[in-house]
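Q: Here is a sequence with its predicted model. Questions after.
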Number of protein chains: 2
Amino acid sequence: MSNVEPDQRRFIDGIARLFVPWGVPQTAASLYGYLLLCPQPVDLDEIARDLEISKSSASVAARLLEQYTLAHRLRVRGSKRILYEVSENYEEMLTQQNRLLEALANQLLAGAQISRSKKIKQRLKEIAAFNLAARDAMTEMLQAMRAKRGG
Amino acid sequence: MSNVEPDQRRFIDGIARLFVPWGVPQTAASLYGYLLLCPQPVDLDEIARDLEISKSSASVAARLLEQYTLAHRLRVRGSKRILYEVSENYEEMLTQQNRLLEALANQLLAGAQISRSKKIKQRLKEIAAFNLAARDAMTEMLQAMRAKRGG
DNA sequence: TAGTATATTCGATATATGCCGAATATGTCA
DNA sequence: TGACATATTCGGCATATATCGAATATACTA
């Protein structure tokens, strides 16, 4: 993608608008949209050029995406050059949600321990149970999807 | 809760630490933790005092939480005073996630429309399908939970 | 091992965000 | 409607974050 067309720009911005409110930095969010549209892996120079950001920003954003496992790098044999592409592992984002659900549940249960009020104890346990149920449903779904795709 | 004890403070901070990375402002996140521990609805003055924040910050944070449907207000008859309490509607947070999943899927499908590359079209459709499946699983789970609690 | 291509880190700056207290708006009672 | 209690909004300040270009580190070739 040597030049971003208006339609593509709109797509990229649309994706970014969805992610930014959830704490993903603007540049990283845009980069994700951009990578989704790239038929081939791209390097930092292309990213910087097409997204009109500095190369250092591109580097930071790319590694952030990598951390989120929304993208990953490809090492080019015989070169220090790195190519990035969007991850095929679509479930990782949901897995991360699951981790939050679980962490939250644990925190709530810890809170139930320390609170003296019967009412609060019960409330915290109830929310924790709810979150864990959600996590389980999610996990199950992911397994089912995995089975379907794998088979 | 006229005074926050160390254990409670730790709980509040723990909850906040989980929410902040997901884009929830610090104060609002802390307030959520605080409300979870309150056996009774509290007003802005109590919040401001216990969390050691200004009343205007308390007001903003509370309404933000309200927007997220993590808390809601109670009007006190015969007074302009507003009391806040944590929402019993634990599923709303997940519902919101579902909305993101759906919005993302839509954006991806729109992207599939505009992209000329066969490969990209397929990729975007595939991710969209995945997200919608996740949303459906989630919705189903929520319904099941609702049935269980309701019945 | 030197030289080159490239990624990463760093320090400075610009921008955005959060927070506060003061000012304002709004609801409630008499 | 006037007086009061309370929530909300607003402008300014402090803090955090993102971005950049320059400096540095690293991996590869020869």
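A: Cool, got the structure.
Q: Could you use CA atoms for every contact and neighbour count after this?
A: OK.
Q: In contact with the residue in chain A that chain B sits nearest to, which residues?
A: Per Cα to the nearest Cα, A:G23 is where chain A lies closest to chain B, at 4.1 Å. Contact partners of A:G23, counting by Cα atoms under 8 Å, 6 or more residues apart in numbering or on different chains, are B:21-24.
Q: next one: A:E66
A: A:72-73 are the contacts of A:E66 under Cα under 8 Å, 6+ apart.
Q: Got a quick PyMOL command for the buried subset of the contacts of A:G23?
A: A single PyMOL command selects the buried members of the contacts of A:G23 (16 or more other Cα atoms under 10 Å in any protein chain shown):
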select buried, chain B and resi 22+24
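Q: Enumerate the residues of chain A near DNA strand C.
A: Contact residues (Cα under 7 Å from any atom of the strand) of chain A with DNA strand C: A:43-45, A:55-56, A:59-60, A:63, A:79-83.
Q: can you do 6 Å?
A: Residues of chain A found near DNA strand C (Cα under 6 Å from any atom of the strand) are A:43-45, A:55-56, A:59-60, A:80-82.
Q: give me every residue that touches A:Q40.
A: Here A:Q40 is in contact with A:E85 (Cα under 8 Å, 6+ apart).
Q: Spell out the secondary structure type for it.
A: What DSSP: H, G, I helix; E, B strand; the rest coil gives for A:Q40 is coil.
Q: May I see the buried residues of stretch A:135-142?
A: For stretch A:135-142, using 16+ other Cα under 10 Å, the buried residues are A:135-139, A:141-142.
Q: Isn't A:F19 up against A:A29?
A: Yes. If you go by Cα atoms under 8 Å, A:F19 and A:A29 touch, sitting 6.1 Å apart.
Q: related to what we said a few turns ago, take the buried residues of stretch A:135-142 and lay them out in JSON lines including pLDDT, distance to chain B and secondary structure.
A: Listed next are these as JSON lines, based on pLDDT from 0 to 100; distance: Cα to the nearest Cα, whole Å; DSSP: H, G, I helix; E, B strand; the rest coil:
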{"residue": "A:R135", "pLDDT": "93", "distance to chain B": "9", "secondary structure": "helix"}
{"residue": "A:D136", "pLDDT": "93", "distance to chain B": "9", "secondary structure": "helix"}
{"residue": "A:A137", "pLDDT": "89", "distance to chain B": "6", "secondary structure": "helix"}
{"residue": "A:M138", "pLDDT": "89", "distance to chain B": "7", "secondary structure": "helix"}
{"residue": "A:T139", "pLDDT": "92", "distance to chain B": "10", "secondary structure": "helix"}
{"residue": "A:M141", "pLDDT": "89", "distance to chain B": "6", "secondary structure": "helix"}
{"residue": "A:L142", "pLDDT": "89", "distance to chain B": "8", "secondary structure": "helix"}
